[in-house]
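Asks: Sequence first, predicted model second:
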Amino acid sequence: MTASPALPPEGDAPATTHERELTAPVELCTPDGKRLREDARGWSRRPLHTANLRGRWGRTKRWDYWALLTDDLAVSVTYADVDYLGLVTIWWADLASGEAGGREVVVPFARGVSLPDLPGSRALTYRGHGVEVSLRDEFGGTRLKATWQERDDRHGRLEAFVELPQAHESVNVVIPWSDSRFQYTSKHQARPAHGELNVGDQRWDLGERNRGPATWGVLDVGRGRWPYRTEWNWGGGAGRSTDGEHVVGLQFGGRWTVGTGATENGIVVDGTVVKLGRELDWHYDWDEPLAPWRVSDPEGVLDLTLAPRYDRHARTNALLLATEVHQVFGRWSGRVPTPDGGVLEVRDIVGFAEESRSRW
């Protein structure tokens, strides 16, 4: 692999979006915490928003979602406060064997589940119901620790470190349905990770540093106020370009952003984001989730197809909250734009895609 090209200064990438780029810290809400600040609208290459949400109980949602992706393993940790419920979830799947496991804790009124206004400014911890979780930012990245008991009484343990290289960019954007319904999301892709997962007497080494497979960290930070019924698409992944010279991260979504004038779409090439302002076209079949998923740009800037290997089909029905999701894991192939206006080919890089239908 040859050395990556030098990163351009912020804002130097070719214009692929009409969206306003933010470059300085900003509070998400007005001083009373109830409405979206006008100067908070836009996107940034690094997290800049402080989510000073107050009031409007029942509509406010806060979460940090982490995932680790390798060729044959997917792991995720969710830490969420949706006002009337807290959710702490560890999930894993061996994509080669189809074995999966983990543990979910639902906490009434989110007691003991708390997320800061400024994401990453303090550790997220939970202990109870056979689960212990710690998500802590450190110099150079974030340390993920979790222990739990499987349904078959095996003990599980995850210890991993997801690196954040100094110049690595992310897709951070406010999606404004209105000045009282809005979402700040911070999406990170292609962050190198290493560590290990243990379940019973099974062990998976993560990351080349641990002599395991290349492992990529994903982070989805959410802070906002949502409509009661929502549907969304989300997809992501990471790996090396076909020529072996570049690290590529994929980040795109759909459905929930339509009509807002903003998207969560972007490609990360060697740590630099190419922001895509147009809505992307998604082609897949909810009833056949293991068939190919295609995501493309109407003007041909991006065209990718995911070949799924595993479908995580989950349903939750907890009175006020009900969700159903198909989240498929597999390998992406196709073409993506670069910061200098070129095109890169990718083949069989690891990733995922999903559709979620929620009442929450």
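Replies: That came through fine. The shown structure was predicted, so the numbers you read here are calculated from the model rather than taken from an experiment. Numbering: from 1, shown residues only.

Asks: before we move on, what SS does the most centrally placed residue in the chain have?
Replies: In the chain, the residue lying closest to the centroid (C-alpha atoms, centre = their mean) is residue 220, at 3.2 Å. The three-state label given to residue 220 by DSSP: H, G, I helix; E, B strand; the rest coil is strand.

Asks: Please tell me the pLDDT value assigned to it.
Replies: We have a pLDDT of 98 for residue 220.

Asks: what's the spacing between it and residue 327?
Replies: Separation of residue 220 from residue 327 (C-beta to C-beta, to the nearest Å): 12 Å. Yep, even glycine has a C-beta here, placed from its N, CA and C like the rest.

Asks: follow-up on the earlier one: next up, the contacts around the residue nearest to the centre of the chain.
Replies: The contact partners of residue 220, taken as C-beta atoms under 8 Å, 6 or more residues apart in numbering, are 63, 64, 65, 66, 67, 185, 186, 187, 188, 234.

Asks: Identify the bridge partners of the first one.
Replies: Here residue 63 sits in beta bridges with residue 80, residue 222, going by DSSP bridges.

Asks: for it, what are its contacts?
Replies: Applying C-beta under 8 Å, 6+ apart, one finds that residue 63 lies in contact with 78, 79, 80, 81, 82, 87, 115, 220, 221, 222.

Asks: For residue 330, see how far away it is.
Replies: Counting by C-beta to C-beta, the separation of residue 63 from residue 330 is 24 Å.

Asks: what does the fifth one give?
Replies: Distance check for residue 67 against residue 330: by C-beta to C-beta, it reads 14 Å.

Asks: Give me the common contacts of the two.
Replies: Each of residue 352 lies in contact with both residue 67 and residue 330 under the rule C-beta under 8 Å, 6+ apart.

Asks: And the strands in the stretch 1-150 of the chain, which stretches?
Replies: Counting by DSSP state E, counting those that start in this stretch, one finds strands in the stretch 1-150 of the chain at the ranges 26-27, 43-44, 49-50, 60-69, 73-81, 85-94, 100-108, 124-128, 131-138, 141-149.

Asks: and what of the stretch 151-300 of the chain?
Replies: Along the stretch 151-300 of the chain, counting by DSSP E, counting those that start in this stretch, strands occupy 155-163, 171-176, 182-199, 202-206, 216-225, 229-240, 247-254, 265-269, 272-276, 281-283, 293-296.

Asks: among these, which is nearest residue 322?
Replies: Smallest distance to residue 322 across the strands of the stretch 151-300 of the chain (C-beta to C-beta): 9.7 Å, for strand 229-240.

Asks: Against which helices or strands is that closest one packed?
Replies: When contacts are defined as 3 or more C-beta pairs under 8 Å, 6 or more residues apart in numbering; DSSP states H and E, strand 229-240 packs onto strand 182-199, strand 216-225, strand 247-254, strand 343-359.

Asks: Rebuild those as CSV, extending it with distance to residue 149.
Replies: Conversion of the helices and strands packed on strand 229-240 to CSV gives the following (distance: least, C-beta to C-beta, whole Å):
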stretch, distance to residue 149
strand 182-199, 10
strand 216-225, 25
strand 247-254, 34
strand 343-359, 26
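
Asks: Which among these is found nearest to residue 320?
Replies: strand 343-359 (8.0 Å).

Asks: Tell me the buried residues within the contacts of residue 63.
Replies: With burial judged by 16 or more other C-beta atoms under 10 Å, the buried subset of those is 78, 79, 80, 81, 82, 87, 115, 220, 221, 222.

Asks: Pick out whichever of these sits closest to residue 127.
Replies: Distance from residue 127 was checked for each of the buried ones among the contacts of residue 63 by C-beta to C-beta. The minimum falls on residue 79, at 12.4 Å.

Asks: Surely the closest one and residue 104 touch.
Replies: No: taking C-beta atoms under 8 Å as the definition, residue 79 is not a contact partner of residue 104, at 11.7 Å.

Asks: what sits in contact with each of the two?
Replies: Shared between the contact lists of residue 79 and residue 104 (criterion: C-beta under 8 Å, 6+ apart) are residues 87, 88.

Asks: Residue 67: how many residues sit nearby?
Replies: By the measure other C-beta atoms under 10 Å, the count of residues near residue 67 is 22.

Asks: residues contacting it?
Replies: So residue 67 contacts 74, 75, 76, 77, 217, 218, 220, 352 (C-beta under 8 Å, 6+ apart).

Asks: Please report how far residue 25 lies from residue 165.
Replies: For residue 25, the distance to residue 165 - C-beta to C-beta - is 21 Å.

Asks: what about this protein, any weak spots by pLDDT?
Replies: Low-confidence segments of the chain (pLDDT under 70): 1-15, 58.

Asks: Now with 80, please.
Replies: 1-15, 55-58, 318-321 (pLDDT under 80).

Asks: surely residue 242 meets residue 348?
Replies: No: Residue 242 lies out of contact with residue 348 (C-beta under 8 Å); the separation is 9.2 Å.

Asks: Give me the more crowded residue out of the two.
Replies: Neighbour count, other C-beta under 10 Å: between residue 242 and residue 348, residue 242 has more, with 16 against 13.

Asks: residues in contact with the closest residue to that one other than its chain neighbours?
Replies: Spatial nearest neighbour of residue 242, excluding adjacent residues (C-beta to C-beta, 6 or more residues apart in numbering): residue 345 at 4.3 Å. Applying C-beta under 8 Å, 6+ apart, we find residue 345 in contact with 241, 242, 243, 334, 335.
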